[in-house]
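**Q** Turn this into a structure:
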Amino acid sequence: MNSFYNQQTIAGKVSLSGTGVHSGKKTNLTIRPAKENHGIKFRRIDLPGTPDIPALFKLVVDTSLATVIGDNGVIVSTIEHLMASFAGLGIDNALVEVDDYEIPIMDGSAREFTRAITDVGVVDQDKPKHLFIVNEPIEITQGDKWVRVEPEPCFKISCIIDFNHPLIGLQKIVYDRAENNFKQEICGARTFGFVKDLELLKKFSLGRGGSLDNAIVIDNDKILNKGGLRYPDEFVRHKLLDCLGDFSLLGMPIQGHIIAHKSGHHLNHLFIKKFLDEKQAWETGPAKR
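**A** Next up, the predicted model:
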């Protein structure tokens, strides 16, 4: 349904299993409906006391290879693709139970999460959504990379990447929530990496679960995956997917236009910190019809 105005949750529980891209361990995951104003929370059912970690920016503890949240020494890693599914489908409230510390990478995109949630259904709740309503621009810059938000009557993200590689180069995409194009155009875009980087990760015992089944792997002049790309510009679509996941950690949707130029998890999170500090540039309030 993807309501613009009321909070939403899933209609029933969803269960998936898969391998963590960095740990190489199998994780079982169950998503359950949650009441209004619950937000998105992750529950470690493998640990004593089954501790919960809210999916909020203030609990982000690492962004070097993935987005990791943690509280009192308990972590949940690689949450960005699942968070992108929640953001893209307009889900405000859910409880995610996991039996290990890393969310499974699935096929390297948000497609399997999105499909499972869509199959069970999304339902409107009685309370209105609350939004960050942007009134003034906010920007952060780091060399030739920057993130900016501008006032806009709805939620929109523009994403630009520029890789010095013949198969990628300069790519741009705009996602407009009003057009409701997440399932068709964004959720299936896979993460990508270069052969040399993957070899380095594995040398340091990272990326243990990475394979051609869950990432686009690029060599000097070719894509190694059988079947090639899902979209001609799959690379920038995946960066936009990551942005959706990262910015959802604000805890409420933004009414504004985010422009991310050559950004990654680290700069996205620095931007969120600046955004929350610049309280004069936005207000919060219920979504209005």
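**Q** Look up the closest residue to the residue most central in space within the chain, ignoring the ones flanking it.
**A** Closest to where the C-alpha atoms of the chain average out (C-alpha atoms, centre = their mean) is residue 245, at 1.9 Å. Closest residue in space to residue 245, ignoring its immediate chain neighbours: residue 80 at 3.4 Å, by C-beta to C-beta, 6 or more residues apart in numbering. For the C-beta atoms, the positions are set from N, CA and C on the backbone; glycine is no exception.
**Q** before we move on, what about residue 3?
**A** The shortest distance from residue 3 to any non-neighbouring residue, by C-beta to C-beta, 6+ apart, is to residue 124 (5.2 Å).
**Q** mind checking the backbone torsions on the one you found?
**A** Here is the backbone geometry of residue 124 (degrees, to the nearest 10): phi -70, psi 150.
**Q** Got phi/psi on the spatially closest residue to residue 221 that is not a sequence neighbour?
**A** In space, and not counting its chain neighbours, residue 221 is closest to residue 166: 6.6 Å by C-beta to C-beta, 6+ apart. Backbone torsions of residue 166, given as degrees, to the nearest 10, read phi -60, psi -20.
**Q** Check the burial of residue 166 by counting its neighbours.
**A** Residue 166: 10 surrounding residues under other C-beta atoms under 10 Å.
**Q** what about it, distance to residue 107?
**A** According to C-beta to C-beta, to the nearest Å, residue 166 stands 25 Å off from residue 107.
**Q** Residue 193 too?
**A** For residue 193, the distance to residue 107 equals 14 Å [C-beta to C-beta].
**Q** Adjacent strands (with direction) for the helix or strand harbouring residue 175?
**A** Assigned by DSSP states H and E, residue 175 belongs to strand 169-176. With DSSP bridges as the test, strand 169-176 is paired with strand 155-163 (antiparallel).
**Q** Export only the CA atoms of the partner strand, formatted as CSV.
**A** This file holds the C-alpha atoms of strand 155-163, laid out as CSV (Å, rounded to 0.1, in the frame of the first residue of the first chain):
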residue,chain,number,x,y,z
PHE,A,155,10.6,12.7,-0.3
LYS,A,156,13.2,12.5,-3.1
ILE,A,157,16.8,11.2,-3.4
SER,A,158,19.2,12.0,-6.2
CYS,A,159,22.4,9.9,-6.3
ILE,A,160,25.5,10.5,-8.4
ILE,A,161,28.6,8.2,-8.6
ASP,A,162,31.7,8.6,-10.7
PHE,A,163,34.2,5.7,-10.9
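**Q** Show me the contact partners of it.
**A** Here strand 155-163 makes contact (C-beta atoms under 8 Å, 6 or more residues apart in numbering) with 168-178, 235-236, 239-240, 243-244, 247, 253-263.
**Q** Now restrict these to buried residues only.
**A** By neighbour count, with 16 or more other C-beta atoms under 10 Å, those hold 168, 171, 173, 175, 177, 235-236, 239-240, 243-244, 247, 253-263 as buried.
**Q** Could you count how many residues lie near residue 160?
**A** Residue 160: 19 surrounding residues under other C-beta under 10 Å.
**Q** before we move on, what about residue 50?
**A** For residue 50, the neighbour count with other C-beta under 10 Å is 10.
**Q** Just to check, it is in contact with residue 43?
**A** Yes: counting by C-beta atoms under 8 Å, residue 43 is a contact partner of residue 50 at 5.5 Å.
**Q** Could I get the phi/psi values of the residue nearest to residue 104 when sequence neighbours are not counted?
**A** Nearest residue to residue 104, sequence neighbours excluded (C-beta to C-beta, 6+ apart): residue 18, at 2.7 Å. Main-chain dihedrals, residue 18, degrees, to the nearest 10: phi -180, psi -180.
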